[in-house]
Structure formats: structure tokens, C-alpha cells
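A.B. asks: with the input below, show me the fold.
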Amino acid sequence: MQQKLRLKKVSVKGKDGMRRTVAMAIAQGLLTLMRSHIGRKKAIGKPALFQAVYAEPYDPESYEHFAKWDYVKRAMHVLRARSNCFVIGECTEQGWTYFVVSSETEAGTYVTAVEHNVRGLRKLQKRAVVAAKQQWHTKEWKIEGLRMRTYGAAVARLVDKR
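C.D. replies: Numbering: from 1, shown residues only. Prediction:
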């Protein structure tokens with residue numbers, strides 16, 4: 001039986017107002033939902049989690065669902081930052097799964113991902129300095145290494161709109 005979240009309106013005022021309120025409401029519901037998903041063995045898949053939150057099946061091709069999923073990701077961030085319910089996501093052969101960390105080994109997955117992201121941000125820090133020193137703002141702008149087939153139809157639509 002699929003569990004449906006009952007979202008309560010939470011008035012939290014942030015810079016982006018509404019987004020913050022929705023994410024906080026979803027986070028509140030996730031506190032209950034994630035009690036059934038403690039540990040990697042009891043992880044919930046992205047489609048099932050989306051359906052539990054929004055009471056509709058997840059469509060990976062839908063831009064609306066892409067935007068709605070952003071609220072769920074923000075809600076999981078809220079839980080990690082402001083509660084003692086530490087939800088992480090992990091990419092598996094079946095797709096993305098989400099669960100509450102229950103061991104140091106499971107936490108290691110998250111720590112590794114954060115370290116990877118920090119390395120990427122350090123590269124961007126250095127790139128920002130190079131951009132300023134080499135006056136990139138005065139040069140012709142281009143994207144290097146963009147693979148059209150990787151981004152597929154979405155990039156093609158953007159290019160066609162110009």
C-alpha cells in the first residue's frame with residue numbers, strides 16, 4: 001500500500017518565499033515517510049518517492065515533474081541540515097534510491113560524494129581567477145566540450161529558439 005504524504009503549509013520566509021515553504025512542507029512529510037526507509041536495504045526508489053509525495057506517477061520526460069522533484073531534493077537537504085533524519089541518495093543499477101543513513105559505511109557514500117563535489121568547486125574557484133586574469137569577459141564566448149547527443153532534444157530545442 002502506497003503511503004501518501006499530507007502536506008501542511010509551513011510559513012517559513014526565505015529569499016525565495018514559496019519554494020522554501022513547499023520544501024519545508026515536504027520535509028515535514030518526509031520525516032514520517034522515511035521511517036520505513038532506514039538503511040540501504042530498505043531504500044525507496046525515486047519514482048516511488050515522487051509518487052508518495054505528490055500522489056501521481058513520476059514521468060522522467062515531464063518538465064513539470066523535473067521542477068517538482070527539485071522541491072523534494074530541497075526537502076531532503078533541509079532534513080540533512082536541520083533535523084536528525086539524514087536522508088541520502090545513491091545511484092544504483094535500478095536508478096536513484098533514497099534512504100536514512102544507519103551505519104558509517106552508508107554515511108561513507110555521502111561523504112565520498114561531498115568530497116567529489118568539493119574538488120569540483122575548488123576547480124571552479126581556480127577557473128574564476130583565470131577568467132578574471134585573462135579577461136574572458138572581453139572574448140567571444142563559447143562552450144567547450146559540449147556533446148549535443150548527451151543533452152539531446154533539450155539542447156536542440158534551445159538552439160532552435162535562437
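
A.B. asks: tell me where the model's unsure across the protein.
C.D. replies: Residues of the chain that meet the criterion pLDDT under 70 lie in 1-20, 146-162.

A.B. asks: which residue sits farthest out from the middle of it?
C.D. replies: The centre of the chain is farthest from one residue, Thr138, which by Cα atoms, centre = their mean lies 34.3 Å away.

A.B. asks: quick check: His96 is in a helix.
C.D. replies: Small correction: residue 96 is Trp, not His. No. Assigned with DSSP: H, G, I helix; E, B strand; the rest coil, Trp96 falls outside any helix and is strand.

A.B. asks: give me every residue that touches it.
C.D. replies: Gly45, Lys46, Gly89, Glu90 (Cβ atoms under 8 Å, 6 or more residues apart in numbering). C-betas here are computed from N, CA, C, even on glycine.

A.B. asks: tell me where this structure has strands.
C.D. replies: Counting by DSSP state E, the chain has these strands, from start to end: 44-45, 87-92, 95-100.
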